[in-house]
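Asks: Requesting a structural model of the entry that follows:
(chains A and B)
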2 protein chains.
Amino acid sequence: MPVNLFAPTPASLLPVKGIRLGTAEANIKKPNRKDLLVMQLSPQSTVAGVFTQNCFCAAPVIVTREHLASGKGVLALVINTGNANAGTGDLGLAAARATCMEVSRLLGCEPEQVLPFSTGVIMEVLPLERIVDGLPACVANLAADNWFDAAHAIMTTDIVAKAVSRQILLGGVTVTITGIAKGSGMIHPNMATMLGYIATDAAVAQPVLQQMLIHASDASFNCITVDGDTSTNDSLMLIASGASGAPAVTGVDSAEFAQLQAAVTEVATLLAQAIVRDGEGATKFITVRVEGGTSVAECKQIAYAVARSPLVKTAFFASDPNLGRILAAIGYAGVQLDVQYLKLYLDDVLVAEHGGRAASYREEDGQRVMQQGDITVRVVLERGTAVTTVWTCDFSYDYVKINASYRS
Amino acid sequence: MPVNLFAPTPASLLPVKGIRLGTAEANIKKPNRKDLLVMQLSPQSTVAGVFTQNCFCAAPVIVTREHLASGKGVLALVINTGNANAGTGDLGLAAARATCMEVSRLLGCEPEQVLPFSTGVIMEVLPLERIVDGLPACVANLAADNWFDAAHAIMTTDIVAKAVSRQILLGGVTVTITGIAKGSGMIHPNMATMLGYIATDAAVAQPVLQQMLIHASDASFNCITVDGDTSTNDSLMLIASGASGAPAVTGVDSAEFAQLQAAVTEVATLLAQAIVRDGEGATKFITVRVEGGTSVAECKQIAYAVARSPLVKTAFFASDPNLGRILAAIGYAGVQLDVQYLKLYLDDVLVAEHGGRAASYREEDGQRVMQQGDITVRVVLERGTAVTTVWTCDFSYDYVKINASYRS
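Replies: Prediction:
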């Protein structure tokens, strides 16, 4: 079960002016579930994206990059779950292009103004016919208050839908930011991870929007790991419809930029954490904070060694303060450390210092923290001022169960 | 259950002239099991070692390195299971030194002539008293034909003992090589992995022996992974007693060097593979072969990305040819590839080419291979001549079970 993650309600999700969403049951992998989403953008919208760095980048990611580069603007996004259209070669590219063509026909725009996204099983042919059959229903129910349905329509092994809204005042005008995301396995950051869509009715120039997205993803989706597997389809999109009437954000030096960036980053962080809280088989939400490093890079290297270790993650699953495994993971992270100066905390409990167990450490204190749903592992290097935080979950029977039976 | 791994019998293990072994039940972690081993070497023996690169290197590894560096020669090794004496600070170093002192007292040699090794739980204080109490029994039953007991005395979560013997003719004289090893979790190579001891009664000059060991470990223990976790205690030792009467191997250019190196490498490879076949929770033994790379380094990077992926490993556990996960792992390995030229085989079945599923691929062919206990994943890059092979196992419920309950 997801760890301290509350499902969104339809009322908790605010519509974003200039954005309409429509879903359908297209039977792509399983019947009787929403698995197809069309998002229609008002013509003045700007769009920014960050994508997977996987060499086996999926066909829709390739096509989305091409369409963004065409400079024709974006009027719609189309997203299917149940099939990733990855590892599908030329056939996959053709299917992604055909999907865009059908959406453009229904909405009366050009194919290059449509961005395609897919998630699901890899190396199986996209059932194009079912997608084409489902698209008219999506277009027929396009509405501004469909974010709740949209969050559900992009889920795969997710147990809980991930969606969050925020409002801020920008130049005296109320601006809304609403985001949805999906993902709970094959989660490890390399640029953006999984599918995420954040929309605002603020007006933001495209290069500024891209910079805002890079900042937000570096502080959120690029700080999580469930299983260390980087997906072929990872995409995070930031959309600014400009329909709020707030003054346009055209540079990165204004107070408005800072305000909007903070709100977008908060939405991205909550969505990213939601993905970990709903990580496949997760029973614990673990924050790994490494501080006092000589660089953020070395802090991140250590944080990820801890956050990825199957031995550390199974110990958390068992609520067993077998904390030597954390020391071992720190030790093999590839950073040359003098372990004499290192301190390891579990929440506020000092566990290790001077290369071994702290004199003050009592097993029952470790045990108490290990029972919690939310746990912070804090590694203090005491050799610099850099800090980083990474979020992960534990490794349970259910992770194996979910992934051993994923296609059945 | 171990995958196609047959337990050694006492009769299958040949004594090595000049080496005697004694075991005891010292109650280090659990009662009624052999958990302490002393290995006594004849005075003319040479010894080579490779060790963990983990910064949280265990106390016995530090002391073993010191004692080897003392140049006083090695007359005994002492190995306990049940406690790793790692992450134990100054107290751990004192305990490792005290253990050597007690062995030296019993055998009448200097403490620096004794090498200590430990394996088991990390960050708990070594129960020195129990070890000291157990040592006299080890010394009392020192015998040349105790390899079978010795292999059992170093096990932790191993289900099957790992031990193998070979004989070759060296300069007309029969030479024996017998090796034992332990390990099934926290297994990922970074120099040598886990504990391994290979002994021969050939005579080999120390620098030559060290070179032979580095070659053997690079081709064996440095090619395996169970869970990607590198231990704090990894050590692989090669001992040459010189008691066979065969002409001494003093350089690396002789036919004798090549013969002996081949035999030592074969023993090391069988032991390393045995560790994977008995990997925690393993139900499949998987060979990942990457060929046609521009360098061995890039081949290894790709092979390990596949071999470490939890998603790939759970698919093998399920016997589910969800082979897109292998493509995804190749894609995120960090090697810039043009996937058009890549071919993926499962045993002799061509699965993927031209960036997608091969036209000839039939699901039932993949399914047939996935049912096997031994499976080869072959990745052909077609951009160079470098080749590498890595061995791993699948990821099952039992891996989680074993590691969630390790200390109980």
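
Asks: Name the next helix or strand following the helix or strand of chain A with the lowest mean pLDDT along the chain.
Replies: Within chain A, confidence by mean pLDDT, DSSP states H and E is lowest for strand A:224-225 among all helices and strands, at a mean of 74. Downstream of strand A:224-225, the first helix or strand assigned by DSSP states H and E is strand A:235-240.

Asks: Please enumerate residues in contact with stretch A:29-37?
Replies: A:21-28, A:77-83, A:120-121, A:131, A:134-135, A:137-138, A:149-150, A:152-154 (Cβ atoms under 8 Å, 6 or more residues apart in numbering or on different chains). All C-beta spots, glycine's among them, are computed from the backbone N, C-alpha and C.

Asks: Equivalent analysis for stretch A:279-288, please.
Replies: For stretch A:279-288, the surrounding residues in contact (Cβ under 8 Å, 6+ apart) are A:1-4, A:157, A:184-185, A:187, A:226-227, A:273, A:276-277, A:303, A:306-307, A:316-317, A:372-377, A:379, A:389-403.

Asks: Can you select the buried ones from the residues you listed in PyMOL?
Replies: With 16 or more other Cβ atoms under 10 Å in any protein chain shown as the burial test, the buried ones among those are selected in PyMOL as follows:
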select buried, chain A and resi 2+3+157+184+185+187+226+227+273+276+277+303+306+307+316+317+375+376+377+379+389+390+391+392+393+394+395+396+397+398+399+400+401+402+403
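
Asks: From the contacts of stretch A:279-288, list the ones also adjacent to chain B.
Replies: For chain B, the contacts drawn from the contacts of stretch A:279-288 by Cβ under 8 Å from any Cβ of the partner chain are A:185, A:227, A:317, A:395, A:396, A:397, A:399, A:400, A:401, A:403.

Asks: can you put those in a markdown table and add distance to residue A:126 and pLDDT?
Replies: Shown next, in a markdown table, are these (distance: Cβ to Cβ, whole Å; pLDDT from 0 to 100):
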| residue | distance to residue A:126 | pLDDT |
| --- | --- | --- |
| A:185 | 20 | 61 |
| A:227 | 24 | 62 |
| A:317 | 36 | 91 |
| A:395 | 31 | 87 |
| A:396 | 32 | 86 |
| A:397 | 32 | 83 |
| A:399 | 27 | 78 |
| A:400 | 28 | 81 |
| A:401 | 27 | 81 |
| A:403 | 22 | 74 |
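
Asks: Assumed residue A:103 was part of a helix.
Replies: Yes: counting by DSSP: H, G, I helix; E, B strand; the rest coil, residue A:103 is located in a helix.

Asks: Quick check: closest non-adjacent residue to residue A:140.
Replies: Spatially, and ignoring its direct neighbours in sequence, residue A:140 is nearest to residue A:22 (6.9 Å; Cβ to Cβ, 6 or more residues apart in numbering or on different chains).

Asks: Tell me where chain A has helices.
Replies: For chain A, the helices defined by DSSP state H occupy A:59-69, A:89-107, A:128-140, A:147-153, A:206-218, A:255-277, A:296-308, A:310-317, A:324-331, A:363-370, A:397-404.

Asks: quick one: which of those is nearest residue A:115?
Replies: Nearest of the helices of chain A to residue A:115, taken as Cβ to Cβ: helix A:59-69 at 4.5 Å.

Asks: Give me the angle between that closest one and helix A:206-218.
Replies: 150 degrees (axes from the mean of the first three to the mean of the last three Cα atoms, to 10 degrees).

Asks: buried ones in helix A:59-69?
Replies: A:59, A:60, A:61, A:62, A:63, A:64, A:67, A:68.

Asks: Counting by contacts, list what it packs against.
Replies: Packing partners of helix A:59-69 (3 or more Cβ pairs under 8 Å, 6 or more residues apart in numbering or on different chains; DSSP states H and E): strand A:46-51, helix A:89-107, strand A:114-121.

Asks: quick one: contacts of the first one?
Replies: Outside of strand A:46-51, the residues within contact range by Cβ under 8 Å, 6+ apart are A:41, A:57, A:61, A:64-65, A:68, A:74, A:115, A:191-192, A:203-206, A:209-210, A:212-214, A:217, A:234-240, A:242.

Asks: what do you get if the cut-off is 7 Å, keeping everything else the same?
Replies: Strand A:46-51 has contacts (Cβ atoms under 7 Å, 6 or more residues apart in numbering or on different chains) with A:61, A:64-65, A:68, A:74, A:191-192, A:204-206, A:209-210, A:213-214, A:217, A:234-240.
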